[in-house]
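**Q** 3D, please:
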Amino acid sequence: MDTHGQRAYLGVALLGVPLVALCALGDVSRYAAVAAANLVVLVVLAVARRRGGVPAGPGGSLLVAGVAVLAAHNVETLAAVATSGSPADGAFAVASLGLGYALLLTGGLAVTFPSLHRDVGGVLDAMVIGLVVAVVMWGVVLGPAHERLGSGVVTRAYETFLVLLAAALTGAVVRAAVVARGARTAASLLVLAMCAADLSDIAYTLTLDRATGLSAWWASAVAVVALVAFGAGLAHPAVAAVAAHGTGTRGLTRSRLVLLGGALAVNPAMAGVQAVAGHPVDVALLCVSSLLLVPLVLWRIGLLASWHADAARRLQDLASLDALTGLPNRRTMTAHLESTLDRLAAGTSPGAVVLYLDLDDFKAVNDTYGHVIGDRLLQAVATRVKACVRSCDVVARFGGDEFVVVLEGAPQDIEAVVLPGLERAMAEPVTIDAVVVSELASIGVAAISPGERVDAETVLRRADAEMYRVKRARRQARAQTAGV
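**A** Numbers count the residues shown, from 1 in each chain. Okay, the predicted model is just below:
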């Protein structure tokens, strides 16, 4: 571990002790402790960016901006308490708190984007869970507290937005901590910071004195713990690893569907409980939580549907393609050939030609140079054959060292144009590392005329027989040349 970074994060953590103690000395002292802790986080974040612990891109800038806005909010609150005895409640005080949280959430997601795209499903699940917990917490604890305080609809909507936003950010941080196996301490400090921040918001609401606008001193102490833990996490040498981890969570499982269905049901369920209990339905909670939850749930469902479609596509590829060459396999080629022969029998096709290629002396290549060279030779032949035919033609790996090409069109044109080019390509040597393979394959040709009724097995048998005739003739020619 980096010694300098270790000392820094321990120093920030220890700084929390006197700041928490300061909260018990009076109203001005506790707000001064919160402002000081916030400024410490701002300094630590700036240093962490310079040292590379936090990325210097837009995400890091948004984090700095978020902490700076919260620092300005806390400094204004300190000044108001020091001069009037009550926290500031003007437009800046109201807007800065929400803006600060929003910037922190946006910056945190941007910083973790390199791993987020690998674990976007896990992050969305965690944010949804955080929002669901916050909705229940608001309906059971915070909503009734605001009702006792006589808060207006706008105030309740704003406070609901802050609580839900903080809960979503907490869920994302918890997910990062779960997957960041190499940065447990840094991630745990960030989780502590978010949980303490959530607890502080709850404590401020539950202990608020309407007459003075002040809450219990320990609510400020919890806020100091949140800020100090955040600063210590940012100062930790392993903080960069928190954003570097990501493990995808894919699959349309029953548990994920239950989670998403439950998330969509929590709002009407909460409204029903409130109505049955004789309490007014919390419209602010319904509106704000729905605006946050529904897009996240729909995004997650979209991802699950996309991944399910990808899995089905991959299964289809496994069933229809050859794994080594990526060409259609024997079953796919046979189905295509049968369809072509049906059109020929019906007189709707001008004809077809089937080419049957068999590599010459492939077993000797495998035995002499190994299967890796043999596999690369098969891939090279597949690429070369595909380059010699039209895009509408089907080149398939029939099995082992055999390839089949199905070409639809007038047989005389195909044999005059395509076949010579393919024979020249097969006569060109292939070089794989230091291995040179020449005279690649023997080619058998089977032509089918319009109106001819024949099945795929018969056509393949004819092309195979022709291929072996060509192979024998080539071997006899080589033998005669060697004898001479």
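**Q** Report pLDDT for Leu192.
**A** Listed pLDDT for Leu192 reads 87.
**Q** What backbone torsions are found at it?
**A** phi -60, psi -40 (degrees, to the nearest 10).
**Q** Tell me how many other residues crowd it.
**A** 19 (other Cβ atoms under 10 Å). For every residue, glycine as well, the C-beta is placed using N, CA and C.
**Q** if I look at Ala95, how far off is Ala167?
**A** Distance, Ala95 to Ala167, by Cβ to Cβ, to the nearest Å: 20 Å.
**Q** repeat for Val394
**A** 55 Å.
**Q** Is there a neighbour count for the residue lying closest to Leu286 once chain neighbours are set aside? I'd like the number.
**A** Take Leu286 and drop its neighbours on the chain: the residue closest to it by Cβ to Cβ, 6 or more residues apart in numbering is Asn267, 5.5 Å away. Neighbour count of Asn267, defined by other Cβ under 10 Å: 20.
**Q** next structured bit after the host helix or strand of Gly11?
**A** Following DSSP states H and E, one finds Gly11 within helix 3-22. The C-terminal neighbour of helix 3-22 among helices and strands, as given by DSSP H and E, is helix 27-51.
**Q** Just checking the distance from that following helix to the centre of its chain.
**A** 33 Å (Cα atoms, centre = their mean, to the nearest Å).
**Q** counting contacts, what elements does the next helix or strand after it pack onto?
**A** Helices and strands here follow DSSP H and E; after helix 27-51, the next one along the chain is helix 58-84. Packed against helix 58-84 by the contact rule (3 or more Cβ pairs under 8 Å, 6 or more residues apart in numbering; DSSP states H and E) you find helix 27-51, helix 91-111.
**Q** taking those together, which one is wrapped up most tightly?
**A** helix 27-51 (a mean of 21; mean count of other Cβ atoms under 10 Å).
**Q** What helices and strands are in contact with that one?
**A** helix 3-22, helix 58-84, helix 217-235.
**Q** Comparing Val394 and Ala167, which shows the higher neighbour count?
**A** Neighbours were counted for Val394 and for Ala167 using other Cβ under 10 Å; Ala167 has more, 25 against 18.
**Q** pLDDT on the helix ranked longest in the chain, on average?
**A** Taking DSSP state H as the criterion, the chain has its longest helix at helix 283-320. Averaged over helix 283-320, pLDDT sits at 81.
**Q** Please apply the same query to stretch 97-116.
**A** On average, the pLDDT along stretch 97-116 is 74.
**Q** same question, stretch 152-159
**A** For stretch 152-159, mean pLDDT is 80.
**Q** so how far is it off the chain centroid?
**A** Averaging C-alpha positions (Cα atoms, centre = their mean) puts stretch 152-159 35 Å from its chain's average.
**Q** Kindly report the same for stretch 63-80.
**A** For stretch 63-80, the distance to the chain centre is 34 Å (Cα atoms, centre = their mean).
**Q** If you count neighbours, what's buried in the strand or helix carrying Ala193?
**A** Per DSSP H and E: Ala193 is located in helix 184-206. Using 16 or more other Cβ atoms under 10 Å as the test for burial, helix 184-206 gives 185-187, 189-198, 200-206.
**Q** before we move on, what about stretch 422-434?
**A** 422, 426, 430, 432.
**Q** Taking the residues you listed, tell me the two that lie furthest apart.
**A** Farthest apart among the buried residues of stretch 422-434 by Cβ to Cβ are Leu422 and Ile432. That separation is 20.3 Å.
**Q** So which of the buried residues of stretch 422-434 is the closest to Leu291?
**A** The nearest member of the buried residues of stretch 422-434 to Leu291, counting by Cβ to Cβ, is Ile432 at 59.6 Å.
**Q** domain ranges for this protein?
**A** Recorded structural domains for the chain (assignment: automatic domain parsing) are 3-316, 330-483.
**Q** Return the member of those having the minimum mean pLDDT.
**A** domain 3-316 (a mean of 81).
**Q** gap between that domain and the chain center?
**A** Per Cα atoms, centre = their mean, the centroid offset for domain 3-316 relative to its chain is 22 Å.
**Q** re the thing from before, confirm that the residue nearest to Leu286 sits in a strand.
**A** No: checked against DSSP: H, G, I helix; E, B strand; the rest coil, Asn267 lies outside a strand; its state is helix.
**Q** which residues touch it?
**A** For Asn267, the contacting residues are 135, 285-286, 289-290, 293, by Cβ atoms under 8 Å, 6 or more residues apart in numbering.
**Q** Could you pick out the buried ones from those residues?
**A** Buried by 16+ other Cβ under 10 Å: 135, 285-286, 289, 293, out of those.
**Q** Put together JSON lines for these, with distance to Ala235 on each row.
**A** What follows is those, written out as JSON lines (distance: Cβ to Cβ, whole Å):
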{"residue": "Val135", "distance to Ala235": "34"}
{"residue": "Leu285", "distance to Ala235": "37"}
{"residue": "Leu286", "distance to Ala235": "41"}
{"residue": "Ser289", "distance to Ala235": "34"}
{"residue": "Leu293", "distance to Ala235": "34"}
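**Q** Out of those residues, the closest to Ala275 would be?
**A** Here the nearest of these to Ala275, counting by Cβ to Cβ, is Leu286; it sits at 11.8 Å.
**Q** From Met467, how far off is that closest one?
**A** Leu286 sits at a distance of 73 Å from Met467 (criterion: Cβ to Cβ).
**Q** Make sure Val128 is actually in contact with Leu292.
**A** No: the pair Val128 / Leu292 is not scored as a contact, 9.5 Å apart, by Cβ atoms under 8 Å.
**Q** shared neighbours of those two, anything?
**A** With Cβ under 8 Å, 6+ apart, Val128 and Leu292 have no common neighbours.
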